[in-house]
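S.K.: structure for the following, please:
(chains A, B, C and D)
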Protein chains: 2
Amino acid sequence: MTQKLDGRVRRRQIAQAALQVIAQRGLGGLSMAGLARQVGLVPSAIYRHYRGKEEVLSAAMESIVQKAQANLQAVCRQTSDPLERIERLLMRQVAMVREIPAMPRIIFAEGPSGQRKAQAYGMLRGFLGALADIIRQGQGQGVIRKDVEAFSLAVMAWGLLAPAVILWYASEGDFDVTAQVQRGWKVFAVAIKVNHNSHKSAGHRLQASGYRLQKNKAKAGGELTPESKT
Amino acid sequence: MTQKLDGRVRRRQIAQAALQVIAQRGLGGLSMAGLARQVGLVPSAIYRHYRGKEEVLSAAMESIVQKAQANLQAVCRQTSDPLERIERLLMRQVAMVREIPAMPRIIFAEGPSGQRKAQAYGMLRGFLGALADIIRQGQGQGVIRKDVEAFSLAVMAWGLLAPAVILWYASEGDFDVTAQVQRGWKVFAVAIKVNHNSHKSAGHRLQASGYRLQKNKAKAGGELTPESKT
DNA sequence: GCTCCATGTGAATCTATATTCACTATATTC
DNA sequence: GAATATAGTGAATATAGATTCACATGGAGC
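M.R.: Here you go, the predicted model:
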């Protein structure tokens, strides 16, 4: 018989294992038997800690949110530079590579108007909202470009991460997530950074025509605010 | 008894129905019973045409691959400009996701499970490979920056799409995937484009120090070639 | 050491789903 | 019309997975 563990410790362990199984095999690949195996228990032991599979899932999703929030707080403590914050946040997400794909997997696994999907979506929006806030901070400081709406930039930043992680799983670990995200960040950071020298130079060089384009861009950004109705 | 249909017609019908069920209910929601119902048959009739569920899925995915290839060919016919090609390809992907909502569900929902997974991964690699080829073309023409490896840039380009699709799906169409991808493309295109004017200007302005930085960047990019072992 | 509680086990139960198999029926050809 | 091939049907079967339930056991407190 396995050594007994404090209920709280075990519950956390089970939730964590669920995340990893979902990340690896998808929601459909999560069985109570497989989960129990992952933890080192028999399937019925799980019902000692959770009323059923549904409850395991809820706990799993909850735990990923908590981690994401802890990461966000840690990053904001470590540095006040918005670009630095984004980079660190992304790299912390990379460290969670064994867990974070569970969210998209849950989203795509569910049928129409599934509750879990809505929940996962809300969580995702929370994360992107926090990213967007950092970006807005940078925009306020004149460090990050203002012509593109912050939420859009947040989605783009997330886009540095998501495909790399998916490829990592699809290739069974044969894709260097860290390197890809770092490269992507370098390209993206330059693209969103306000470089005062080159900015002036471009304006100066292109004169009236260039100036007009800049103005239109600023407007377009404003118009393209996503989901104002949300 | 249902009217009999020619085997080929029926097989196509079944594969299409599978995509529809997956779009609605996800992979986990695809049962032989439900599929048969969708087609207007009894479940065992499906085995007249496919050896099992696995084979139905393969056929369904095959039709996605064909569509993707048709898109690629169309885009390459329409324009020879690499940046234009990428943009068009991305936008066709957006359209395709709308047309075949099952596609992202197949790619994102499931982890390893043998042949199907290998097929999905192959699809993805095919798409990224084609993107990378276009990027290499652009690099050869001196239109796209060379300091970052083409496959990495391809993954980044995909990164404009993937999160937008996830959000689109999670929001049940409430997130404007088209607008997001367009915005992302604008930011990314500037970042990867070789702009000869500003390149000269920057070099001119920053003199020795700026010049050195450019050189170092080129080297780092070369070193970070992904998966040379692939 | 004993008691009690919480956690782990193993067997049983139930259900949904994939599939097989024997039979049926349609459509084509001669 | 008969024969044949192919596609459709309905019942049966096997299995995977979720869960319950009675028993077992570890660990804490007295």
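S.K.: can you list the buried residues in the strand or helix carrying A:A189?
M.R.: Following DSSP states H and E, one finds A:A189 within helix A:177-192. If you call a residue buried by 16 or more other C-beta atoms under 10 Å in any protein chain shown, then helix A:177-192 has these buried ones: A:177, A:179-189, A:191-192. C-betas here are computed from N, CA, C, even on glycine.
S.K.: which residues in chain A form strands?
M.R.: For chain A, strands defined by DSSP state E do not occur.
S.K.: can you report how many residues lie near the nearest residue to A:Q38 once chain neighbours are set aside?
M.R.: Of all residues not flanking A:Q38 in the chain, A:A17 sits nearest, at 4.2 Å (C-beta to C-beta, 6 or more residues apart in numbering or on different chains). Look at A:A17: counted by other C-beta atoms under 10 Å in any protein chain shown, it has 22 neighbours.
S.K.: could you pull out the helices in chain A for me?
M.R.: Assigned by DSSP state H, chain A shows helices spanning A:7-25, A:32-39, A:53-78, A:82-95, A:102-109, A:115-140, A:150-170, A:177-192, A:196-223.
S.K.: any chance of those helices in CSV, with distance to B:L160 and mean pLDDT too?
M.R.: Listed next are the helices of chain A as CSV, based on distance: least, C-beta to C-beta, whole Å; pLDDT from 0 to 100:
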stretch, distance to B:L160, mean pLDDT
helix A:7-25, 23, 93
helix A:32-39, 35, 95
helix A:53-78, 22, 94
helix A:82-95, 16, 95
helix A:102-109, 16, 89
helix A:115-140, 15, 94
helix A:150-170, 6, 94
helix A:177-192, 11, 96
helix A:196-223, 16, 39
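S.K.: which of these is buried the deepest?
M.R.: Among the helices of chain A, the stretch with the highest mean neighbour count (mean count of other C-beta atoms under 10 Å in any protein chain shown) is helix A:102-109, at a mean of 27.
S.K.: which residues sit against that one?
M.R.: A:19-20, A:22-23, A:26-28, A:57, A:60-61, A:64, A:116-117, A:120-121, A:123-124, A:162, A:166, B:26-28, B:104-105, B:108-111, B:166, B:169-170 (C-beta atoms under 8 Å, 6 or more residues apart in numbering or on different chains).
S.K.: excluding sequence neighbours, find me the nearest residue to A:G26.
M.R.: Nearest one to A:G26, counting by C-beta to C-beta, 6+ apart, is B:E110 at 4.0 Å.
S.K.: for A:E99, give me the backbone phi and psi.
M.R.: With angles defined as degrees, to the nearest 10, A:E99 sits at phi -120, psi -40.
S.K.: how many neighbours does it have?
M.R.: 21.
S.K.: any idea how far it lies from A:E55?
M.R.: According to C-beta to C-beta, to the nearest Å, A:E99 and A:E55 sit 18 Å apart.
S.K.: could you do A:E62 as well?
M.R.: 10 Å.
S.K.: also A:Q20?
M.R.: Per C-beta to C-beta, A:Q20 is found 18 Å from A:E55.
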